[in-house]
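J.: Sequence first, predicted model second:
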Amino acid sequence: MTESPPRSAAPLEIVERHQAAALAALEATTGGAPLCRVDGTRQTVKASEGAAAALSDVRRALRREAGEPTGAVAAERAQAVIEEVRSAWQGISGPLAARPGSGEYVAGGLDALTALEDDLRGARAGGPAAPGVGDILTGQTLLGGVRATAASGERVRWPQRRRVAAVLIFVGLLVLIGATVGWPLVDAPLWSVLTAGAAVLSSLALALFVPRPGEGWRPDLGCAPCAVAGLALGVAGPWLAIETAHEGERAALAMVLGGAALARRLTEPPVCGVPGR
């Protein structure tokens with residue numbers, strides 16, 4: 001565990017230490033890869049990105065000061081900057097707030113500001129040392145709130161509208177398959193079971209395109225290039241089962257395609273791009 005620096009550290013030094021920890025956490029979360037190639041649905045990705053961005057806002061504001069205030073003046077200025085940045089982040093609205101993952105992004109930024117504020121307050125009071133960079137990277141302070149956000153995000157991944165959509169899509173696929181090639185449960189039981197499984201997986205994958213509550217009714221594409229692959233796989237599974245009706249091996253392949261579609265939708269990032277350093 002990395003030891004905390006002396007409590008006499010200047011506010012700017014503490015801010016820079018927190019920012020370095022946030023950037024390291026983001027690097028560790030993404031593995032240095034573009035967000036389009038990592039599990040961006042884990043809220044730790046967007047939250048870590050938000051933490052780094054919010055701390056960068058504080059650092060830039062402090063560095064814009066003419067000269068470098070010390071002592072109580074520096075501490076008061078740092079507190080004022082944090083409050084300004086927090087107010088700006090809490091007021092984020094419009095298209096930015098409507099983008100997928102923006103909630104986790106903002107929550108990560110606000111959590112980072114709170115952790116920084118606690119560290120600065122402890123430095124002024126001369127109290128117990130705040131956790132150092134090692135603690136932050138292991139999520140004991142800065143990412144503690146992020147992990148709670150991630151757990152909450154997992155619970156809301158399947159809101160009621162998505163569950164309803166999955167059921168409706170599944171029923172629609174059952175009807176479509178029955179109307180086109182039938183369901184020969186006696187003559188082709190293996191094909192029937194595997195095709196039903198493919199329909200279930202594809203229905204779940206396609207339901208993940210339904211936006212969550214509060215995001216309007218535009219399809220939740222997330223990273224659009226990645227979403228094209230998930231959509232194609234979700235449609236390809238049932239289509240293959242219909243085109244090669246009653247062939248068990250092809251139905252197994254259709255089920256694999258449906259599973260791949262679901263896996264992609266569950267691991268696609270909310271946005272594309274390369275994380276800032």
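T.: Received it, and whenever you're ready, just let me know what you need.
J.: Secondary structure element for A74, which one?
T.: Taking DSSP states H and E as the definition, A74 sits inside helix 71-90.
J.: quick one: average pLDDT of that helix?
T.: The average pLDDT within helix 71-90 is 82.
J.: Can you list the buried residues in that helix?
T.: Residues A74, A75, R77, A78, V81, I82, V85, R86, W89 are the ones in helix 71-90 that count as buried (16 or more other CB atoms under 10 Å). C-beta here means a position set from N, CA and C on the backbone, and glycine is covered the same way.
J.: how many neighbours does A107 have?
T.: Residues lying near A107 (other CB atoms under 10 Å) number 23.
J.: what about it, which helix or strand?
T.: For A107, the host element (DSSP H and E) is helix 102-125.
J.: buried ones in that helix?
T.: 102-113, 115-117, 119-120, 122-124.
J.: What count of nearby residues applies to the residue nearest to A74 when sequence neighbours are not counted?
T.: Excluding its sequence neighbours, the residue lying closest to A74 (CB to CB, 6 or more residues apart in numbering) is P11, at 5.0 Å. P11: 26 surrounding residues under other CB under 10 Å.
J.: so what's P11 up against?
T.: Going by CB atoms under 8 Å, 6 or more residues apart in numbering, P11 touches L62, A74, A75, R77, A78, L120, A123.
J.: give me the element the first one is part of.
T.: Secondary-structure element containing L62, defined by DSSP H and E: helix 43-63.
J.: In CSV, could you pull the C-alpha coordinates for that helix?
T.: The C-alpha trace of helix 43-63 is given here as CSV (Å, rounded to 0.1, in the frame of the first residue of the first chain):
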residue,chain,number,x,y,z
GLN,A,43,-19.9,1.3,-14.6
THR,A,44,-16.3,1.5,-13.3
VAL,A,45,-15.1,2.5,-16.8
LYS,A,46,-17.3,5.6,-17.1
ALA,A,47,-17.1,6.4,-13.4
SER,A,48,-13.3,6.2,-13.5
GLU,A,49,-13.3,8.4,-16.6
GLY,A,50,-15.6,10.9,-14.8
ALA,A,51,-13.3,10.9,-11.7
ALA,A,52,-10.3,11.7,-13.8
ALA,A,53,-12.1,14.5,-15.7
ALA,A,54,-13.5,16.2,-12.6
LEU,A,55,-10.1,16.2,-10.8
SER,A,56,-8.6,17.6,-14.0
ASP,A,57,-11.1,20.4,-13.8
VAL,A,58,-10.0,21.2,-10.3
ARG,A,59,-6.3,21.0,-11.1
ARG,A,60,-6.7,23.3,-14.1
ALA,A,61,-8.6,25.9,-12.1
LEU,A,62,-6.0,25.9,-9.4
ARG,A,63,-3.1,26.2,-11.8
